[in-house]
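Chemist: Here is a sequence with its predicted model. Questions after.
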Amino acid sequence: MNFLLEADSSDPLYRRVRRAIEQAVARGQYRTTPLPSSRALAAELGVSRTTVNLAYQELITEGFIVSEPRVGYRVNADLLSRLDELGAPDPARVAGDGTVDWTAHLRERSTPGLPEVSKDYDWQRYPYPFIYGQVQASAFPVAAWNRALRTAMQQPHITYSLRDAGSADDPLLVDEICTSILPARGVRAEPEQVLVTAGAQHGLFLASQALLRRDELVAVENPGYPDASHIFARAGAKICPVDVDGSGLRVSDVPDDARIVFVTPSHQFPTNVSLGVARRAQLLDHVHANDTFVLEDDFDSELRYVGQPGPALRASGSERVIYIGSFSKFLAPGLRIGFVVAEAPLITQMRRDRRYSLRHLPGQVQRALALMIGSGDYHRTLRRHRSTLREKWHLMGQGVRSIRDKAFEPPTGGTSMWVPLPEGLDSDDVVRRAARRGLLIETGSTCFYDDRPDRHSYLRLGFAAIPLNRIEPGLHVLERVIRDSRPV
Ligand SMILES: Cc1ncc(COP(=O)(O)O)c(C=O)c1O
């Protein structure tokens with residue numbers, strides 16, 4: 001085998017093909033003989049000719065290979081010998097010469113047995129992207145955001161946009177979070193109780209680093225948000241999955257020695273059920289009685305389409321609730337902005353940890369967001385976003401009821417639906433078949449921590465990214481996929 005494709009990479013396939021070509025050349029191959037034709041290489045690697053051609057085209061553009069009539073592709077020998085003369089590194093060797101045993105050097109961070117969500121980041125190529133966690137670019141308030149970015153570069157804001165703030169956050173953004181964002185969740189906070197983070201995920205990371213000691217237990221929802229468990233496990237904790245039912249986490253099953261109980265009380269990830277009132281009180285009693293903490297991930301609370309969102313757990317005023325917020329679902333995940341609300345000693349510790357990793361979020365982005373909230377643009381956008389999502393939610397609910405189950409109860413909020421499959425079908429298989437028909441859906445199996453019988457019985461259909469007019473036709477395709485799938 002002259003060419004080896006890296007198996008464990010999230011890069012596009014053509015990039016991996018390109019690297020396989022570069023590595024073959026770095027091993028001394030094809031310096032004098034032509035490279036294989038795109039057909040031969042495609043057959044060897046088991047990829048399409050288009051993918052190989054893309055890789056070859058990129059290498060031609062960069063002058064690494066040349067295309068010669070009647071010969072095909074050759075490595076650019078001139079380039080290699082000129083670089084040799086100059087003593088410059090061989091471009092084919094940029095990936096290293098293979099002499100370092102990296103496994104012996106890298107600190108081990110294993111998270112054995114934890115489910116892992118694999119996302120298709122190339123989701124725009126699907127006609128029906130029912131993907132979760134992404135947004136429609138056309139829904140983003142581009143004009144308002146650009147206006148805010150521009151203003152952030154004018155006096156007096158520019159100082160805050162450009163300064164090295166050490167471990168501090170933008171005071172204007174913290175003030176807006178305290179006065180314009182948290183009140184809707186019933187949460188009161190002083191500026192010293194708020195830390196700005198690079199999204200909710202970063203907040204979970206910093207809280208885990210500050211609180212967890214090796215081998216301590218973290219109780220997580222099952223099914224639940226796998227990325228959070230990876231964060232806890234990488235901090236050295238042991239994961240204890242606790243089942244979720246129609247009222248959310250079964251608090252009575254949480255072990256007393258779980259130092260953190262991780263919950264998504266507004267819309268449980270992935271089922272979207274809300275944590276019931278009695279369970280909320282029970283959970284607070286539990287952590288008070290055991291001197292432990294609740295990590296409340298309130299990532300999409302304001303996206304509720306029926307009634308008003310209930311208050312956050314942190315609204316109880318308990319010091320034991322660490323509140324994690326995010327702007328990913330209301331604006332866009334690519335902005336990477338979230339925040340944590342907790343008691344000052346914990347925030348101070350997390351601030352120090354953040355200082356020695358990324359210091360603080362980019363000043364201009366913080367200031368622009370603060371200005372957008374202050375001008376009213378943020379809340380106008382949120383209202384518009386919520387009303388578009390409500391329309392999508394309505395269509396989704398109707399569609400799922402008609403194609404799957406007349407008794408299907410759509411959740412009251414969130415950006416996805418947790419859809420049970422007919423008995424005997426395997427969600428992973430349905431997802432694969434759906435992808436072949438242009439439908440991007442997610443299997444529910446990666447949200448479970450154990451091999452229980454219903455692990456492969458759910459699909460997750462996200463509706464924030466898919467255009468409104470693709471929902472109905474997409475669900476019809478799904479109906480056919482389900483009809484054509486055979487019970488396992
Ligand atoms: C339950 C839950 N928590 C946290 C996050 C991460 O949010 P952020 O993009 O703010 O890091 C997500 C993202 O999908 C999520 O679903």
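Modeler: All right, it came through fine.
Chemist: The longest helix along the chain: what's the following helix or strand?
Modeler: The helix that spans the most residues within the chain, counting by DSSP state H, is helix 377-403. On the C-terminal side of helix 377-403, the closest following helix or strand by DSSP states H and E is strand 416-420.
Chemist: Give the pairing partners of that next one; include direction for each.
Modeler: strand 458-462 (antiparallel) (DSSP bridges).
Chemist: which outside residues touch the partner strand?
Modeler: With CB atoms under 8 Å, 6 or more residues apart in numbering as the test, strand 458-462 has contacts from 130-134, 223, 270, 396, 400, 415-421, 427, 430-431, 441-445, 447, 478. Backbone N, C-alpha and C define where each C-beta goes, glycine included.
Chemist: could you give the angle of it to helix 377-403?
Modeler: Counting by axes from the mean of the first three to the mean of the last three CA atoms, to 10 degrees, strand 458-462 points 140 degrees away from the direction of helix 377-403.
Chemist: Show residues contacting the next helix or strand after strand 458-462.
Modeler: Note on strand 458-462: by DSSP H and E, the next helix or strand toward the C-terminus is helix 468-484. Applying CB under 8 Å, 6+ apart, the contact partners of helix 468-484 are 127-130, 388, 391-392, 395-396, 399-400, 403-404, 421-422, 425, 430, 433-434, 437-439, 441, 461, 463, 466.
Chemist: What subset of these is buried?
Modeler: Buried members of the contacts of helix 468-484, scored by 16 or more other CB atoms under 10 Å, are 128-130, 392, 395-396, 399-400, 403-404, 421, 425, 430, 433-434, 439, 441, 461, 463, 466.
Chemist: just to revisit the earlier point, just the angle between the longest helix of the chain and helix 468-484, please?
Modeler: Going by the same axes, to 10 degrees, helix 377-403 makes 30 degrees with helix 468-484.
Chemist: list the buried ones in helix 377-403?
Modeler: Buried residues in helix 377-403 (16+ other CB under 10 Å): 377-379, 381-382, 385-386, 389, 392-393, 395-397, 399-400, 403.
Chemist: what does stretch 34-43 give?
Modeler: For stretch 34-43, by 16+ other CB under 10 Å, it's 35-36, 38, 41-42.
Chemist: ok, the residue in the stretch 151-300 of the chain positioned nearest to the ligand to residue 346 distance?
Modeler: Going by CB to the nearest ligand atom, the ligand is nearest to residue 199 of the stretch 151-300 of the chain, at 2.8 Å. Computed as CB to CB, to the nearest Å, the residue 199 to residue 346 distance reads 19 Å.
Chemist: Likewise for residue 455?
Modeler: Taking CB to CB, one finds residue 455 at 35 Å from residue 346.
Chemist: What are the boundaries of the strands in the stretch 101-250 of the chain?
Modeler: 128-129, 194-197, 217-222, 238-245, 248-249 (DSSP state E, counting those that start in this stretch).
Chemist: what does the protein have sitting close to the ligand?
Modeler: Residues of the chain that fall close to the ligand, judged by CB under 6 Å from any ligand atom: 133, 199-201, 225, 264, 269, 297, 299, 326, 328, 333, 338.
Chemist: So which of the residues you listed wins on neighbours?
Modeler: The most crowded member of the residues of the chain next to the ligand, judged by other CB atoms under 10 Å, is residue 264 (30 neighbours).
Chemist: what bridges to the residue nearest to that one when sequence neighbours are not counted?
Modeler: Nearest non-adjacent residue to residue 264, counting by CB to CB, 6 or more residues apart in numbering: residue 297, 4.8 Å away. For residue 297, the beta-bridge partners under DSSP bridges are residue 324.
Chemist: Residue 68 now?
Modeler: Under the criterion used (DSSP bridges), residue 68 bridges to residue 72.
Chemist: Surely it touches residue 75?
Modeler: No - counting by CB atoms under 8 Å, residue 68 stays clear of residue 75, with 11.1 Å between them.
Chemist: Between those two, which has more neighbouring residues?
Modeler: The residue with more neighbours, out of residue 68 and residue 75, is residue 75; 23 against 10, by other CB under 10 Å.
Chemist: Work out which residue lies at the spatial centre of the chain.
Modeler: residue 133 (6.2 Å; CA atoms, centre = their mean).
Chemist: how about the CA coordinates for the helix-or-strand element of the chain with minimal mean pLDDT, as PDB?
Modeler: In the chain, the helix or strand scored least confidently by mean pLDDT, DSSP states H and E is helix 77-86, which has a mean of 74. What follows is helix 77-86, C-alpha atoms only, in PDB (Å, rounded to 0.1, in the frame of the first residue of the first chain):
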ATOM      1  CA  ALA A  77      11.100  18.000  -9.100                       C
ATOM      2  CA  ASP A  78      12.300  21.600  -9.700                       C
ATOM      3  CA  LEU A  79      10.600  22.700  -6.500                       C
ATOM      4  CA  LEU A  80      12.000  19.800  -4.500                       C
ATOM      5  CA  SER A  81      15.600  20.400  -5.700                       C
ATOM      6  CA  ARG A  82      15.500  24.200  -5.200                       C
ATOM      7  CA  LEU A  83      14.300  23.600  -1.700                       C
ATOM      8  CA  ASP A  84      17.100  21.100  -1.100                       C
ATOM      9  CA  GLU A  85      19.600  23.700  -2.300                       C
ATOM     10  CA  LEU A  86      18.200  26.300   0.000                       C
END
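Chemist: Thank you kindly, that will do.
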